[in-house]
Structure formats: C-alpha cells, structure tokens
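**Q** Sharing a model prediction with you, sequence too.
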Amino acid sequence: MPGVLLLGLVKPVRLIREMFIILQQKLMRKRLRRAAAALACLSFLSLFAAPEAEAACPNPSFTPLGNLVELVSCTESKATGSNNISVAVPASVNPGDVLVTVVARDDDDAMNTPGGWIAVSTEIMDNNDGFLGVYARIATGTEAGSYNWTWGGGGEDAYAFMMRFTGASGQGSFGSNSGNGGSAQAPAVTANADNSLILRIAGWDRRQQPVDPATIISGYTTITQDRSRNSNAAVTGAAVYQNQASAGSTGTANFPASGEQWAAITVAAEPIEFRFSMPDLNASVCSSQEVTLSVTDRLGNPMTWFTGEVTLSASNASGASWADAGALNGTLNDLGNGDATYQFSASDNGVATFTFTNSNTGATNFDLSYGLFSENPAFDPTLVITECAGEVLGQSCVAGFSTSITIPAQEAVVTDRGRMVLMAISLEGTSDVTSATFDVGGSNVPMTQIYEEHNNNG
C-alpha cells in the first residue's frame, strides 16, 4: 500500500513544481512552497483515507451457477469490542431454504446459539486466540428479521455473515482444522450425495487477509473475505464454494498463507431428492397402479415444507392418465398420454400418491422434472403392465346339509376394485343355490346367476 501511495503522488508533485515556475513571476517563492506543501499533504490524506473495496457479501443476488444447491444471497455484520453480533436474515427467504451463518471472533469464549439454529461445526484458532463457528437453520417462513449471537468475557471483535441456499436438504457432512501461520487448510470430508455443494470457510486472528480479492481459492466461487475493522485488533473471515458432481472425498483446500492463528471448516451440503415408489411392480391393462412421489433427503426423510410444482411423465403411455389416489392436497393437472403436473401443497408434507392407468402392455418408466432436478435413479422402479387375467381371491368349503358359505371376494387393493366378480359354486345333491349376495360395506347386493348345470348321472 505505501508503494501505491508514493506512486500516486509522483505526478501531482511534478505538476506542482511546474506551477512553481509558471507562477514565479507573480507570487513570492515562500508562498509557493507553502501552497505546494499544503496541496501535497491534502493529496496524501485523500489517498490514505480511501475506503476498502466493497465486499462481495452483502450480496442480494448471487449469479446462479446451474447447480442443484445454489447460493442465492448473503448478508454480513461487524462488531468491535462487543459481546454480541446481530446478523440480518437475507430477503425473500422461503420455507425450506437453508440458512447458514458463520461467526469469526478474536477470542475463544463460549458462544450462545440463538433459538432455532444448530451449531454445525465450531473450531478454536490455535493458541486459543480466536473462534470460528458455522450455524444452520431450515427456514420455516416465520424467521425474525435478524438473529443475535452472544458470548461471555470481555468485549471482542467479530465478523459474521449469513447465507441463503436453495435446493439443500439440510443433510451433509463437515470437518474442521486449525493452525498457526502458513495456509489455512480446510479439511477433506466425504460428500455422501452427488451434486453436493462444498463450502470452505476460514477465520484468522487479526487482519491478515485482503478484503474480497477476485480469487481466494482457484476453482471456487468467492462468497466473502472481510474483517471486523481495519486494525490489528480485528478478526477476519472468508468463505468460498463449488459444486461436486459425484459423491466421495472433497479433498483439502488451502486458503492463502498468513502469519496468524487460523481455523478452517469444510461443509458438504446435500441436495433434496425425488423418489418414486409403488406397492408392487406389476399391473394389468384393466386396473390402475398406485404411484407415490416423495421429496426427501438422502436418508429418505420427507421434506415436509416442499410446495413446488413438478412435471410427471411416463414411457409407453399413449392414452395413459394420472388421477388422485384419494389423499392429494395440491393441484393435479392430467395432460394425457402419461404427462401431468402436480403443485404440492404444504399439507402433503412432501409425499403425493397418484393412481396411474395405462392400457398399453409392457414396461413403463416414470420421470420427474423440477428445475434442474430429476428422480433419483436408485428409486425409480419400472412398472410391468400385462393383459387382464382372472384371479382367485378366495375359496371356502363346507361339509354338511344346507348352509351358508362365505367367500372372500373383495380385492384388497382399493384401486383394483370395481372389476367384475365371478363366483362358482359346486355342491353334492339335487338342491339349487337359493341366493348369492356380495357384501359391499355391509350392504348385501344380490348377484346375478349366469348359468346353472345339474349333473344327474350319479
């Protein structure tokens, strides 16, 4: 910085000297020297007081990078000589957004986490000279305007920032590291899902890093690098991110070297998933099949907050249709030929069950589209549709004279009911079957006799 200041003064000083010569005949040499000194001093002070570059965070709208998990926006806050720091919630937060707050502090006093947040990872800087913490919250739509982190002990400096992510499930893995001098190394962790967002975070005691350079770590997008103030009593925090297409180790990542104590954290944030399931993998052209779509995390926990509109499609599905299986709360729009859209309701709790009817025999596969998302291939079963065939639902045999018998003839699968039921009765003797009824919810509906044959040959 001193070199820049000196270079910035070279040309003004030369111009002043030239002005001395031009004005020599009109003004006294003593006055000129005083004016030159004043002008030079003013120029130096103006350069010395120039503000630092504007931070990348706060940023109301990061450019989408075409990933499943996206960083949308970021806010920041700075505190000096304090025992708390308050961070504003980014604008336009929706239910299901994942909020992540990072707090870097220049001492190691215990941190108090605000209600509704969890401490994902914390690390003490080497020699107990600082603290770095990462906190997360899944948005519910009832967020306060800001949240306050507090700590004990005397007044300390802190730098904090809050990030808003979309497409994240709230599941992930993390690890931390600390050291003194050299590069702050964010450790390797295992990303357990494809297309995880890899977040690298670091904090330093004092003002060891420049504010928001164009690149912090090669191959990563910069979120922020800033400090509590322009002083040796400050604390510095930084964060970068990238997408990892395949599950597996993230490897390590090094922040620029410094001469101070540091802490670093790696977080692998996993995306939400879409899963198809069916009670069985076979159906016939004369029946319907229940198809369930679940929005989950990697462990299968439903994303109860999900309210997006998805597009459904099916192969080998000319003339096929989607319908409500009886428990949908959102809006289903059947487009014909196996295509449909469904607008989830919050009351669905991330799970929607449909009936799918297809008159085409063969294999049918289901597909989903939601922005950049598609169904998880590991949860995408194929339905095999066959021609109609008779099915024996139950049988009963009774020995003795005239009596009544009961045959279980109701299909257990609700969506297969409504088909024609045939009942065949064989008995010994010359008596006729006097009546037959079908019990529908306690109401005995008479059955129609189609054919009766007597064998009188013994």
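**A** Looks like it came in fine. Residues are numbered from 1 along each chain as shown.
**Q** what about the chain, any weak spots by pLDDT?
**A** 1-56, 208, 389-434, 438-443, 449-458 (pLDDT under 70).
**Q** go with 90
**A** For the chain, residues meeting the criterion pLDDT under 90 lie at 1-61, 106-110, 126-129, 152-155, 206-209, 214, 231-233, 258-259, 283-287, 387-458.
**Q** ranges for the helices of it?
**A** 2-23, 29-48 (DSSP state H).
**Q** For Gly319, give me its contacts.
**A** Contacts for Gly319 (C-beta atoms under 8 Å, 6 or more residues apart in numbering) come out as 336-337, 358-360. (Each C-beta comes from the backbone N, C-alpha and C, glycine too.)
**Q** out of those, which are inside strands?
**A** Secondary structure of the contacts of Gly319 is defined by DSSP state E; positions in strands are Gly336.
**Q** buried subset of the contacts of Gly319?
**A** Buried residues within those, counting neighbours by 16 or more other C-beta atoms under 10 Å: 358, 360.
**Q** could I get the contacts of Gly319 as JSON lines with distance to Leu312?
**A** Formatted as JSON lines, those follow (distance: C-beta to C-beta, whole Å):
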{"residue": "Gly336", "distance to Leu312": "12"}
{"residue": "Asn337", "distance to Leu312": "12"}
{"residue": "Asn358", "distance to Leu312": "13"}
{"residue": "Ser359", "distance to Leu312": "18"}
{"residue": "Asn360", "distance to Leu312": "17"}
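**Q** List just the nearest of the contacts of Gly319 to Ala320.
**A** Asn358 (4.0 Å; C-beta to C-beta).
**Q** Leaving out chain neighbours, which residue sits closest to that closest one?
**A** Among residues not flanking Asn358 along the chain, Ala320 sits closest, at 4.0 Å (C-beta to C-beta, 6 or more residues apart in numbering).
**Q** Please apply the same query to Asn254.
**A** Using C-beta to C-beta, 6+ apart, the closest residue to Asn254 is Ser183 (4.0 Å).
**Q** any idea how far the one you found is from Val291?
**A** Distance from Ser183 to Val291, counting by C-beta to C-beta, to the nearest Å: 52 Å.
**Q** Quickly list what the residue nearest to Asn254 is bridged to.
**A** Ala257 (DSSP bridges).
**Q** Go ahead and confirm it touches Glu260.
**A** No - in this structure, Ser183 is not within contact of Glu260 by C-beta atoms under 8 Å, at 11.9 Å.
**Q** More neighbours: which of those two?
**A** Glu260 (22 against 17; other C-beta atoms under 10 Å).
**Q** ok, the more buried one - contacts?
**A** Taking C-beta under 8 Å, 6+ apart, one finds 129, 180-181, 204-206, 208 in contact with Glu260.
**Q** Could you do Gln185 as well?
**A** Applying C-beta under 8 Å, 6+ apart, the residues near Gln185 are 177, 179, 252-255, 264.
**Q** Pick the one among these closest to Gly167.
**A** Among the contacts of Gln185, and counting by C-beta to C-beta, the member closest to Gly167 is Ala253, at 22.0 Å.
**Q** ok, for Pro302, nearest residue in space, not its chain neighbours?
**A** Pro302 sits nearest to Gly350 (C-beta to C-beta, 6+ apart), 3.7 Å away.
**Q** What is the burial count for that neighbour?
**A** Gly350 has 21 nearby residues by other C-beta under 10 Å.
**Q** what do you get for Met447?
**A** 15.
**Q** try Phe354
**A** 25.
**Q** Relative to Val72, how far out is it?
**A** Phe354 is 31 Å from Val72, by C-beta to C-beta.
**Q** Also Thr140?
**A** 17 Å.
**Q** how near is the closest residue to Leu335 other than its chain neighbours to Asn282?
**A** Once flanking residues are discounted, Leu335 sits nearest to Thr341: 7.0 Å by C-beta to C-beta, 6+ apart. Here Thr341 is placed at a distance of 27 Å from Asn282 (C-beta to C-beta).
**Q** try Asp108
**A** Distance from Asp108 to Asn282, by C-beta to C-beta: 62 Å.
**Q** Between the two, which has more neighbouring residues?
**A** Asp108 (19 against 11).
**Q** That one and Leu132 touch, don't they?
**A** No - judged on C-beta under 8 Å, Asp108 makes no contact with Leu132 at a distance of 10.1 Å.
**Q** OK, contacts around the closest residue to Leu332 other than its chain neighbours?
**A** In space, Leu332 comes closest to Tyr342 once its chain neighbours are excluded; the distance is 5.1 Å by C-beta to C-beta, 6+ apart. Residues near Tyr342 by C-beta under 8 Å, 6+ apart: 293, 309-310, 312, 328, 330-333, 352, 354.
**Q** Please identify which of the contacts of Gln185 is nearest to Cys286.
**A** Ala253 (58.9 Å).
**Q** Okay, the closest one and Ala378: tell me how far apart.
**A** 29 Å.
**Q** So for the two, which residue has more residues nearby?
**A** Ala253 (23 against 7).
**Q** Just list whatever residues bridge to the more buried one.
**A** Bridge pairing for Ala253 - DSSP bridges - gives Ala186.
**Q** my guess is it meets Leu199, correct?
**A** No - the pair Ala253 / Leu199 is not scored as a contact, 10.4 Å apart, by C-beta under 8 Å.
**Q** which residues do the two both contact?
**A** 240, 266.
**Q** contacting residues for the residue nearest to Leu335?
**A** 309-312, 332-333, 335.
**Q** Work out which residue lies at the spatial centre of the protein.
**A** Ala168 (1.0 Å; C-alpha atoms, centre = their mean).
**Q** Surely it and Pro271 touch.
**A** Yes - the criterion here is C-beta under 8 Å, and Ala168 meets it with Pro271 at 6.5 Å.
**Q** Give me the common contacts of these two.
**A** Joint contacts of Ala168 and Pro271 (C-beta under 8 Å, 6+ apart) are 69, 197.
**Q** The stretch 301-450 of the chain: strands as residue ranges?
**A** 309-314, 321-324, 331-336, 339-343, 351-357, 362-369, 382-386, 437-440, 443-446 (DSSP state E, counting those that start in this stretch).
**Q** nearest to Ser92, of those?
**A** Here strand 309-314 is closest among the strands of the stretch 301-450 of the chain (C-beta to C-beta), at 18.3 Å.
**Q** roughly how far is that closest one from the heart of the chain?
**A** In terms of C-alpha atoms, centre = their mean, to the nearest Å, the centre of strand 309-314 is set 20 Å apart from its chain centre.
**Q** what comes into contact with it?
**A** 274, 293, 320, 322, 338-344, 354, 356, 358, 364-370.
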